[in-house]
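Q: okay, here's the prediction I keep looking at, along with the sequence it came from:
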Amino acid sequence: MRLTESERAENREALANMSLPQKLDHLFEYYKFPLVLILIAVVGLGSVLYYRLTRKDALLYVAYANIAVGDIVDAALGEGFTRASGANPARAEVKLYRNLYLSRDASVQNHEYAYASQLKVMAAMANGQLDVLLMNREAFDIMSSGGYLLPLDALLERDADLSARIADHLVENTVILEDNDIEHRLDESIPYQAVTEEVANGILLSAFPLFERAEFSGDVYLGVVGNSARQDVALQYIDYLTAEPTGDA
């Protein structure tokens, strides 16, 4: 309803005679819905700006499978490589998947954890968000037999010096080309059969300085995921991990 001039004057006079808390309460009472909408818009805009200002591009996606990594080594594997690559750590990073557990013989206690880790690895690979795995022998065997790891011969051909440096540390593992696993699981009287091949798809990292000093409880292997879209960066990562320490190290 449209107010008359006298009614508007009375309202202005009433508002002028109110105390500050009363004025704020009056404004909120009559304008709370527009104020709430404005507040939502401001918060949303602030969230978008914060995300854009703090978001970091992924140089590489790296997963730790069945290995425990201390803070110093973790920093070297992530931020250390970012700096060594020449990228700005404020704008780029190595995305790390930590504490993954892969096992075929998971006990009752850790079965759900192993299953969740497997799903996470599969989802990351499907989304193109996994490039390199650092893992123990059990995880290496699982990833290799599934055919998830890249044969490294062709990749290493891109860097002759690196290829020569790690030639003695390349490791072959079994890749299952086809098998009757499903039939065997459904009927154990059917013997398991598989067609396999041996492929050089891993690098034994344990003897290199960074990993030797870390004193892992067992050997650590590196594998590159077969569908990695960042193979050139993965090659740089291998070079970084296997390089001799400098005088500043």
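A: Everything's here; your move.

Q: once you drop chain neighbours, what's closest to residue 89?
A: Spatial nearest neighbour of residue 89, excluding adjacent residues (Cβ to Cβ, 6 or more residues apart in numbering): residue 82 at 5.0 Å. C-betas here are computed from N, CA, C, even on glycine.

Q: now the one you found: which helix or strand?
A: Element membership for residue 82 (DSSP states H and E) is helix 81-84.

Q: what are the buried residues along that helix?
A: Using 16 or more other Cβ atoms under 10 Å as the test for burial, helix 81-84 gives 81, 82.

Q: gap between that helix and the chain center?
A: Here helix 81-84 is found 16 Å from its chain centre; the criterion is Cα atoms, centre = their mean, to the nearest Å.

Q: partners of the next helix or strand after it in the sheet?
A: Of the helices and strands lying after helix 81-84 in sequence (DSSP H and E), the nearest is strand 92-100. Partner strands and pairing direction for strand 92-100 (DSSP bridges) are strand 57-65 (parallel).

Q: relative to the whole chain's centre, how far out is the partner strand?
A: Mean-position distance between strand 57-65 and its chain equals 5 Å (Cα atoms, centre = their mean).

Q: contacting residues around that strand?
A: Here strand 57-65 makes contact (Cβ atoms under 8 Å, 6 or more residues apart in numbering) with 77-78, 81-82, 85, 87, 91-102, 117, 121, 124, 129-136, 139, 143, 230, 233-234, 237.

Q: any low-confidence regions in this structure?
A: 1-54, 106-109, 245-249 (pLDDT under 70).

Q: switch the cut-off to 90
A: Along the chain, the parts satisfying pLDDT under 90 run over 1-56, 69-70, 89, 104-115, 154, 179-195, 207, 209-218, 244-249.

Q: what segments of it are strands?
A: Taking DSSP state E, the strands of the chain run over residues 57-65, 92-100, 132-135, 170-179, 194-204, 221-224.

Q: distance to residue 212 and mean neighbour count for these - can I get that in TSV?
A: What follows is these, written out as TSV (distance: least, Cβ to Cβ, whole Å; neighbours: other Cβ atoms under 10 Å):
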stretch	distance to residue 212	mean neighbour count
strand 57-65	17	21
strand 92-100	21	17
strand 132-135	14	25
strand 170-179	17	14
strand 194-204	11	16
strand 221-224	14	26
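
Q: quick check: residue 225 touching residue 144?
A: No. With contact defined as Cβ atoms under 8 Å, residue 225 does not count as touching residue 144 (11.6 Å).

Q: what about residue 140, distance to residue 121?
A: For residue 140, the distance to residue 121 (Cβ to Cβ, to the nearest Å) stands at 13 Å.

Q: which one's more surrounded, those two?
A: Legend: neighbour count by other Cβ atoms under 10 Å for residue 140 and residue 121, higher for residue 140 (26 against 23).

Q: residues contacting the closest residue to the more buried one other than its chain neighbours?
A: Using Cβ to Cβ, 6+ apart and skipping residues adjacent in sequence, the residue nearest residue 140 is residue 221, 4.4 Å away. By Cβ under 8 Å, 6+ apart, the contact list for residue 221 reads 134, 135, 136, 137, 139, 140, 171, 202, 203, 204, 205.
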